[in-house]
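Asks: Below is the sequence, then the predicted model.
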Amino acid sequence: PVYPTNAYAAAAAAATTTTSSSSSAGADVTAEQLMPLRRTLLASDSTSTPDAPFEPIGGGCGAVGYVASVRASRLIVVASIDLADNAAPLRTHVSAGRGSNIYASSHSLYVASNARWTRQDKTMVTRFALENGRVSFGGLIGVEGYILNQWAMDEYRASAGAGAALSGASGVTFRIVTTTSTDWRSQTASTTNLFTYAVSTGGNAAAAAAASGSGSAAGMAPLGSLVGLAPTERVFAVRFMGTRLYVVTFRQVDPLFVIDVSAPATPVLLGQLKVPGYSDYLHPVNASHLIGIGKDASLDGQVKGLKLALFDASTPTAPAESYSLVMGDRGTHSAALDDHKAFTYDADRRLLTLPVRLSLEASGRAAAQCDTSYALWQGAVVWRVGESAFDLRGLVPHYDPRRRPHRRLPVAAALAAADYYSRRRR
């Protein structure tokens, strides 16, 4: 289909007489009323007030982009704000689509969604090109499997010369890691897969992608893949670092895979490390070292306390766990396991700050009542990432023993602790 297309506008126009169930009886809702609204409030403009009227975004339904192969469930609005010029108009792009994970680079915005409507184990990824504040459709691909989160996607711009040639004409590569589901009917085990695509970034990329039908042939062309990793396991953490990719999977032990993606058409598995437990988030320390935060586990896969580990991939064919630290028992939690913004690392001072809820296994009467763990302490913990250990530098309690501890320590508390300790001398 042509993008933008009037197909969505026609469908919306046909619904102008539809009555909204949430509105008063007999009140008709027009297609224009379904469009998102905006208003601009400027601190320097005395006429701007919180009561300023809203106005429709874009040029109405006819300007809404639509891709036929994606079953739209919402409107996606991409807004561009010029931070250097307050008087510059707000640019917006509206498309009918869907998405659950977003990854952005300085030149692209990728929106990924599980294509459940196809009844296939597939993820649809829509690319929007970003150029000088303008937003346009840049391609669409369907990838086998589902992704973990935004860290499973990446865009890499190769340097001029041979590197650019390996990544296609533009030198830009989109990379994505997926996990396929176990198919009990065909007795097919779940696997982890890497797919790479050449991204067209020229001025005619959007038009060419639209003319191609699905958009994948011109906007995003397949380059290579590495499939079949870690059968029966699923992805727990992903981190792209330039021409290296690190993937953590888990079932009983934690394999850390090191993959070379310097040649996108032929990615190569360099090495792997198997240790108990798993990492939920990987954070780079330098070009060859990463910090992993996750859970410890027994050799049979029983999850235990909170685990920190420093991984050394300076020898990519033989990655190693330099050292690790386990806190508490089962039930010990950190918001950084679910939200990477709770992971605060000061690279200059090598200070790591995490919000932690420390739990210990119960015994006696509590265990008999199936209350298997209880919170002992809650607060922000600060370590210095040393050469051979995580050196404890301070504790900031956020715990009232007279009350039951909160399930999640606010990220703001960890940020405040990180700021305090980063100001202190080593």
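Replies: Yep, that arrived.

Asks: Gly242 contacts Pro284, doesn't it?
Replies: No. Under the criterion of CB atoms under 8 Å, Gly242 makes no contact with Pro284, lying 9.6 Å away. Placement of C-beta: from N, CA and C, glycine included.

Asks: Those two: who's more crowded?
Replies: Pro284 (17 against 11; other CB atoms under 10 Å).

Asks: quick one: low-confidence parts of the stretch 1-150 of the chain?
Replies: 1-29, 42-50, 58-59 (pLDDT under 70).

Asks: quick one: the helices in it?
Replies: With helices called from DSSP state H, counting those that start in this stretch, the stretch 1-150 of the chain shows them at 7-13.

Asks: same thing with the stretch 301-426 of the chain?
Replies: According to DSSP H, counting those that start in this stretch, the stretch 301-426 of the chain carries its helices in the segments 365-368, 411-423.

Asks: The spatially closest residue to Ser324 that is not a sequence neighbour and His283, how far apart?
Replies: Excluding the flanking residues, the one nearest Ser324 by CB to CB, 6 or more residues apart in numbering is Ala309, at 4.1 Å. Distance, Ala309 to His283, using CB to CB, to the nearest Å: 11 Å.

Asks: Determine the residues that are contacts of both of those two.
Replies: Shared contacts of Ala309 and His283 (CB atoms under 8 Å, 6 or more residues apart in numbering): Ile291, Gly292.

Asks: Of those two, give the one with the bigger neighbour count.
Replies: Neighbour count, other CB under 10 Å: between Ala309 and His283, Ala309 has more, with 24 against 19.

Asks: wait, doesn't the more buried one sit right on Val275?
Replies: Yes. Ala309 is within contact range of Val275, at 7.4 Å (criterion: CB under 8 Å).

Asks: ok, and the closest non-adjacent residue to Glu32?
Replies: That would be Gly60: by CB to CB, 6+ apart, it lies 6.1 Å from Glu32.

Asks: Overlap of the contact sets of Ala309 and Val275?
Replies: Shared contacts of Ala309 and Val275, defined by CB under 8 Å, 6+ apart, comprise Glu321, Ser324.

Asks: Now do the buried residues in stretch 280-296.
Replies: By neighbour count with 16 or more other CB atoms under 10 Å, stretch 280-296 contains the buried residues 280-285, 288, 290-296.

Asks: Sitting in strands, which of these do you find?
Replies: Judged by DSSP state E, these include Asp280, Tyr281, Leu282, His283, Pro284, Leu290, Ile291, Gly292, Ile293, Gly294, Lys295, Asp296 as members of strands.

Asks: Report the beta-bridge partners for the fourth one.
Replies: Looking back up the chat, that one is His283. Judged by DSSP bridges, the bridge partners of His283 are Ile291.

Asks: which residues touch the most centrally placed residue in the chain?
Replies: Nearest to the geometric centre of the chain sits Gln150, at 1.6 Å (CA atoms, centre = their mean). Going by CB under 8 Å, 6+ apart, Gln150 touches Asn101, Ile102, Tyr103.
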